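S.K.: Next input, structure requested:
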Amino acid sequence: MQLGFAGPKAGLLTRWTSSARMRGADGFAAALCLMLAFSSSCCAGQEETEMSTRKPAVAGQFYPAGTDELASAVDSMLAAGEGTEPGGRVVGIQVPHAGYSYSGPTAARALGLLKGMDSLTVVMVGPSHRVLIDKAAVFARGRWSTPLGEVEIDEELATLMLAESDFLVDMPAAHAAEHSLEVQMPFLQRALGDFKIVPVMVLQPSWDECEQLGRAIAAASRGRNVLLLASTDLYHGESYDDAKAADSLTGELFAGFDPRALYDGLAAGRAQACGGYPVVSVMVAARELGADKAVLLGMTNSNDVMGERGGYCVGYSATAFVASGGEDTGESAARRDERGAVGLSEEEKESLLDIARTTLEQHIAERKRPGFQPLTPTLEEKRGAFVTLHKHGELRGCIGYVEAVKPLYEAVSDMAVAASTEDPRFPPVVTDELESIDIEITVLSPLREIDDPESVVVGKHGLVIRRGMRSGLLLPQVPVEQGWNREQFLDHTCLKAGLPPGTWKDNETTLLVFTGEVFGEREE
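M.R.: Purely as a prediction, here's the structure:
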């Protein structure tokens with residue numbers, strides 16, 4: 001296998017690794033052996049934190065090696081990609097990383113938004129295809145070279161990022177043969193004025209590690225002129241139809257701009273993106289830095305690009321993460337959802353989970369309802385909330401307040417009892433089950449009626465469908481867990497209401513959406 005291949009199969013090793021549960025141990029072992037071989041050659045001496053200049057590894061493969069030819073090719077793609085208005089200040093972008101003839105025009109849809117920007121640092125986060133790593137590998141000092149010249153590392157920003165979390169490690173040698181970030185460089189060099197970079201790579205981080213990386217980037221970047229970039233391709237496989245279906249769901253998750261929903265979709269194997277975890281981390285950082293929406297700028301695949309159907313197919317997309325209000329107003333803005341309601345801090349989430357767990361255990365074991373004092377004023381606000389119980393990964397009960405009828409901390413306590421004893425689909429939880437049960441909480445935004453079903457975003461919106469006396473609700477995480485597209489989500493919500501699929505198309509049917517902040521005890 002030619003691992004430097006610049007066509008649609010580039011990135012095969014990460015696809016094998018991330019799909020090991022589906023492909024079996026043999027496929028994983030093969031990928032592991034190949035990656036270890038690269039690890040031993042690429043990371044020798046990785047304890048050394050000095051690498052003055054990283055030389056291009058894939059010039060002449062993924063993109064032209066000649067200076068004039070490369071500049072001309074990039075300029076043409078950037079010009080063709082002009083015209084998209086993202087509707088606000090661009091905080092970050094998501095771009096593909098295959099050979100330019102395959103994914104370059106799609107990448108230009110996002111990278112073209114950067115034309116004319118000056119005096120900034122691009123924090124680039126991409127997947128590691130060549131080296132096994134269990135940390136976020138930062139290239140923290142020196143410079144990167146391409147046929148178009150050299151770009152300096154923002155060493156000050158890199159140092160600040162490294163200080164924020166021990167998940168981030170100065171590991172320049174891990175970048176030596178990687179293409180996922182290198183292929184972005186010529187575009188940046190032609191689009192931007194004066195700029196620096198901080199390259200970061202991850203492989204298969206947990207949700208907590210994605211969040212650590214995103215927050216470290218955001219914390220170090222506040223008050224600086226920083227642009228975020230996430231590098232990923234989408235579906236990899238032999239079916240054009242499967243590519244279209246999988247990329248549609250992944251694109252909806254990108255547009256939903258909910259990093260946890262995207263992470264869960266990737267971890268379950270329903271969303272497909274070799275650099276999906278970098279996108280999750282960049283979403284976390286972008287939200288912290290004021291972005292409040294994602295705009296899907298373009299999507300295609302290698303079959304469409306080559307004008308053929310059949311054979312190996314890889315998907316490509318371009319997305320912008322945008323602050324629709326213009327200038328960043330600080331951390332408080334990053335914690336607002338689409339209606340302006342304040343999100344929950346980690347301490348508030350932990351407090352609500354403790355309330356739910358304490359209530360569940362005391363009610364089941366002793367038939368007592370403990371009293372609580374809210375940790376913060378936010379927990380005293382009236383909010384809708386659902387409590388979901390799982391046992392060994394299977395649903396064991398789920399009930400909630402759709403409307404904001406009680407203070408949040410009281411709603412969570414009430415629904416912990418209701419989910420364990422009142423869900424008609426299950427018998428009441430008994431004491432012997434408590435150790436096997438994990439708790440998930442969904443805090444709801446106010447319901448908002450919509451006229452256009454196309455505005456429902458999988459991974460972002462929960463859905464309520466009402467017709468006459470019938471009503472059905474599904475939480476935002478449900479279609480992601482089930483791998484449904486928008487139409488399937490709408491149909492299943494009809495079924496939940498006892499209505500036939502397709503009832504959502506009727507004028508007499510009312511559609512309402514809400515967002516949900518989802519968190520739980522179980523670690524992914």
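
S.K.: Past the longest helix that the chain contains, which element shows up next along the chain?
M.R.: Ranked by residue count under DSSP state H, the longest helix found in the chain is helix 346-366. Next in sequence after helix 346-366, counting helices and strands by DSSP states H and E, comes strand 385-391.

S.K.: Tell me the strands beside that following strand, with direction?
M.R.: Strand pairing for strand 385-391, determined by DSSP bridges: strand 394-401 (antiparallel), strand 437-444 (antiparallel).

S.K.: What segments of the stretch 201-350 of the chain are helices?
M.R.: With DSSP state H, counting those that start in this stretch as the criterion, the stretch 201-350 of the chain has helices at 207-221, 240-256, 259-267, 276-288, 302-306, 331-334, 346-366.

S.K.: so of the ones you listed, which one's packed in deepest?
M.R.: Stretch with highest mean neighbour count among these: helix 276-288 (a mean of 29; mean count of other CB atoms under 10 Å). Yep, even glycine has a C-beta here, placed from its N, CA and C like the rest.

S.K.: other SSEs contacting that helix?
M.R.: Helix 276-288 sits against strand 89-95, strand 120-127, strand 195-202, helix 207-221, strand 226-231, helix 259-267, strand 313-323, helix 331-334, with contacts defined as 3 or more CB pairs under 8 Å, 6 or more residues apart in numbering; DSSP states H and E.

S.K.: Ok, which of these comes nearest Gly298?
M.R.: strand 313-323 (4.7 Å; CB to CB).

S.K.: The closest one pairs with which strands?
M.R.: Paired strands of strand 313-323, with direction, are strand 89-95 (antiparallel), strand 236-237 (antiparallel), strand 293-301 (antiparallel) (DSSP bridges).

S.K.: TSV for these, including mean neighbour count, distance to His129 and mean pLDDT?
M.R.: Shown next, in TSV, are the strands paired with strand 313-323 (neighbours: other CB atoms under 10 Å; distance: least, CB to CB, whole Å; pLDDT from 0 to 100):
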stretch	mean neighbour count	distance to His129	mean pLDDT
strand 89-95	26	16	95
strand 236-237	20	11	94
strand 293-301	21	19	92
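
S.K.: Please tabulate the ones you listed in JSON lines, including the columns distance to Gly472.
M.R.: Formatted as JSON lines, the strands paired with strand 313-323 follow (distance: least, CB to CB, whole Å):
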{"stretch": "strand 89-95", "distance to Gly472": "33"}
{"stretch": "strand 236-237", "distance to Gly472": "34"}
{"stretch": "strand 293-301", "distance to Gly472": "27"}
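
S.K.: before we move on, back to that, of the strands paired with strand 385-391, which approaches Pro86 most closely?
M.R.: The closest approach between Pro86 and any of the strands paired with strand 385-391, judged by CB to CB, belongs to strand 437-444 at 28.1 Å.

S.K.: now the stretch 301-450 of the chain, which segments are flagged as low pLDDT?
M.R.: Judged by pLDDT under 70, the stretch 301-450 of the chain has its weakly predicted residues at 325-343.

S.K.: Who does the residue nearest to Leu228 when sequence neighbours are not counted form a beta bridge with?
M.R.: Take Leu228 and drop its neighbours on the chain: the residue closest to it by CB to CB, 6 or more residues apart in numbering is Gly92, 3.1 Å away. In this entry, Gly92 is beta-bridged to Leu228, Phe321, by DSSP bridges.

S.K.: close enough to count as contact, Gly92 and Leu227?
M.R.: Yes: counting by CB atoms under 8 Å, Gly92 touches Leu227, with 6.6 Å between them.

S.K.: Domains in the chain, by residue range?
M.R.: The chain breaks down into these domains under automatic domain parsing: 12-334, 346-444, 448-518.

S.K.: Please identify the most buried of those.
M.R.: Highest mean neighbour count among these (mean count of other CB under 10 Å): domain 12-334, with a mean of 20.

S.K.: just so I know, which of the helices and strands packed on helix 276-288 lies nearest Thr503?
M.R.: helix 259-267 (25.3 Å).

S.K.: what's the angle between the closest one and helix 240-256?
M.R.: Counting by axes from the mean of the first three to the mean of the last three CA atoms, to 10 degrees, helix 259-267 lies at 160 degrees to helix 240-256.

S.K.: what residues does helix 259-267 touch?
M.R.: Residues from elsewhere that reach helix 259-267 (CB atoms under 8 Å, 6 or more residues apart in numbering): 18, 207, 210-211, 214, 249-250, 253-254, 256, 271-273, 276-277, 279-281, 283-284, 287, 459-460, 476-477, 480-481, 518-519, 524.

S.K.: Check which helices and strands the helix or strand encompassing Ala71 sits against.
M.R.: If you go by DSSP H and E, Ala71 is part of helix 67-80. Counting contacts by 3+ CB pairs under 8 Å, 6+ apart, helix 67-80 is packed against helix 100-111, helix 185-191.

S.K.: Just the residues contacting it, thanks.
M.R.: The contact list for helix 67-80 (CB under 8 Å, 6+ apart) reads 59, 63-64, 100, 104-105, 107-108, 111-112, 115, 146-148, 186-187, 189-191.

S.K.: again, only this time at 6 Å
M.R.: With contact meaning CB atoms under 6 Å, 6 or more residues apart in numbering, helix 67-80 is reached by Pro64, Gly104, Pro105, Ala108, Gly112, Pro147, Pro186, Phe187, Arg190.

S.K.: could you give the angle of it to helix 100-111?
M.R.: Going by the same axes, to 10 degrees, helix 67-80 makes 50 degrees with helix 100-111.

S.K.: Next, report how far helix 67-80 is displaced from the centre of its chain.
M.R.: Relative to its chain's centre, helix 67-80 lies at 30 Å (CA atoms, centre = their mean, to the nearest Å).

S.K.: Next one: the residue nearest to Ser413 when sequence neighbours are not counted from Ala110, what distance?
M.R.: Once flanking residues are discounted, Ser413 sits nearest to Thr359: 4.6 Å by CB to CB, 6+ apart. Separation of Thr359 from Ala110 (CB to CB, to the nearest Å) stands at 46 Å.

S.K.: which residues sit in contact with the residue nearest the centre of the chain?
M.R.: In the chain, the C-alpha nearest the mean C-alpha coordinate belongs to Val280, at 2.8 Å (CA atoms, centre = their mean). When contacts are counted by CB under 6 Å, 6+ apart, Val280 touches Cys210, Pro259, Leu262, Tyr263.

S.K.: Find the pair from these with maximum spatial separation.
M.R.: Cys210 and Leu262 (9.4 Å).

S.K.: measure His97 to Ser72 for me?
M.R.: Remark: distance between His97 and Ser72 (CB to CB) = 21 Å.

S.K.: do you know how far Phe514 is from Glu347?
M.R.: Phe514 is 24 Å from Glu347, where distance means CB to CB.

S.K.: Select, out of the helices and strands packed on helix 67-80, the one closest to Tyr235.
M.R.: If we rank the helices and strands packed on helix 67-80 by CB to CB, the stretch that ends up nearest is helix 100-111, at 12.7 Å.
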